[in-house]
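# quick one, fold the following:
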Amino acid sequence: MRLLGLPLLLVAVPAQAQSPLTLPVAPGNPAEAAPVIVPVEPLALALPAYPWPTPFVPCGPPRLPENVRAMLESAIRTGDSATVAAVVRVALDTEPYDKDEIRAMKKSYDDEAARQLAAKANAETQRIRQSAILELWTGKVELGAFRATGNTSNFGFSGALNLDRKGIDWQHTVQLTADYQKDSGTVTREQYLASYQARYTLNDGLFTFGRTQWESNEIQGFRDRYSLSGGLGYRVIKRSDLALSVEVGPAVRRTRFVVDPSETTWSTLTSLDFSWKVDNTLKLTQTASSYIETGNSTFTTNTGIEAGMSKSLKAKLSYSFSHESSPPDGTLRTDTISRFSLVYGF
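Residues are numbered from 1 along each chain as shown. Modelled structure (predicted):
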């Protein structure tokens, strides 16, 4: 705004008495030559009281939204580590500012899971240590048979019993097998085997073993053959679905032949034990052993495929190969047998 043709200047000054403002008058009228006095009121600026010291209002960190927290707690209640990990990844992506709280929940879950696993393992260890000698045994029975009448009269069966007891350091294995076949009144196969083996674990992969075995196979020329061996073994692969172990050591064998006189020989034993659980219903097994000596060496293998029919019952197809490098006169070096049998586990 203008006053008497001049701009009006307002100046904020401290609240105290001010000198009156004198405004000049344009010349031209002598009667109005006297200056005009405009009183200026003192200006004051009212400010609120400034607090001192500065007040501090406590405020916690940002809190995780309730819906995200509920999602994480629901995943934790499942007890599934894969589910918890997946939900945590999603939560970190959607709520990055709450990563500390999310990770704290994940760590709490991991710590509790580890504690429960350790407690379960300790309880299982105590149960095994306090078990009696006839406890902790597991096993399976294998049976296959056939019968034919008419133009030919055939009968045969194959059976096996395997028992296994696993302790903290010791493992005991008992195996019994039998194969018998008669064709038109003539026995064409009669083979029996019984063995016991003990293993003692030295560390996670290395172990010692001792094995005693009896077998009879008159078709191959011997009524009885006793073997005693021991040595070292190593678990090359040890997983829940895949296992491979090898053994090597000296052995002594006492053989009573059908025709020839009995003999005792020293040999070197090597063996291999392999199993692969392909899925929940299919399993592949392979065992092989050799007794190598200067006279007669023995090589055996057994390959099997098991298919689950129920929780305890399986169907098994197997192929066995046995070879004697220097058998008695009149007998064949190689003997093979294919089996189809049912296996019941207990």
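# next one, pLDDT for residue 124 please.
Listed pLDDT for residue 124 reads 86.
# would it count as being in a helix?
Yes: per DSSP: H, G, I helix; E, B strand; the rest coil, residue 124 lies within a helix segment.
# excluding its backbone neighbours, what's nearest the spatially most central residue of the chain?
Nearest to the mean C-alpha position of the chain, by Cα atoms, centre = their mean, lies residue 240 at 6.7 Å. Taking Cβ to Cβ, 6 or more residues apart in numbering, and ignoring the residues beside it in sequence, residue 240 has residue 277 as its nearest neighbour in space, at 7.6 Å. Bear in mind the C-beta positions are built from the backbone N, C-alpha and C, glycine included.
# quick one: contacts for the one you found?
In this structure, residue 277 makes contact with 240-242, 283, judged by Cβ atoms under 8 Å, 6 or more residues apart in numbering.
# what do you get for residue 146?
Applying Cβ under 8 Å, 6+ apart, the residues near residue 146 are 154-157.
# tell me the helix or strand right after the helix or strand containing it.
Using DSSP states H and E, residue 146 maps to strand 137-148. Moving toward the C-terminus from strand 137-148, the first helix or strand encountered (DSSP H and E) is strand 154-166.
# where do the helices sit along the stretch 1-150 of the chain?
If you assign secondary structure with DSSP state H, counting those that start in this stretch, the helices in the stretch 1-150 of the chain sit at 66-78, 81-94, 99-129.
# other SSEs contacting the longest one?
Packed against helix 99-129 by the contact rule (3 or more Cβ pairs under 8 Å, 6 or more residues apart in numbering; DSSP states H and E) you find helix 66-78, helix 81-94.
# and the angle from the last one to helix 66-78?
Same thing as helix 81-94. Using axes from the mean of the first three to the mean of the last three Cα atoms, to 10 degrees, one finds that helix 81-94 and helix 66-78 are set 170 degrees apart in direction.
# which secondary structure elements does helix 81-94 sit against?
Looks like helix 81-94 contacts helix 66-78, helix 99-129 (3+ Cβ pairs under 8 Å, 6+ apart).
# any chance of the ones you listed in TSV, with mean neighbour count too?
Written out in TSV, the entries for those read as follows (neighbours: other Cβ atoms under 10 Å):
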stretch	mean neighbour count
helix 66-78	14
helix 99-129	12
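# what's the burial count for residue 275?
Residue 275 is surrounded by 17 other residues when neighbours are defined as other Cβ atoms under 10 Å.
# thinking again about what came up before, JSON lines for the helices of the stretch 1-150 of the chain, including distance to residue 331?
Converted to JSON lines, those look like this (distance: least, Cβ to Cβ, whole Å):
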{"stretch": "helix 66-78", "distance to residue 331": "63"}
{"stretch": "helix 81-94", "distance to residue 331": "58"}
{"stretch": "helix 99-129", "distance to residue 331": "46"}
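# closest one to residue 197 among those helices?
Of all the helices of the stretch 1-150 of the chain, the one in closest proximity to residue 197, counting by Cβ to Cβ, is helix 99-129 (19.3 Å).
# now the closest one and strand 154-166, what's the angle there?
Computed by the same axes, to 10 degrees, the angle between helix 99-129 and strand 154-166 is 110 degrees.
# mind listing the residues bridging to residue 247?
Beta-bridge pairing of residue 247, defined through DSSP bridges, involves residue 233, residue 271.
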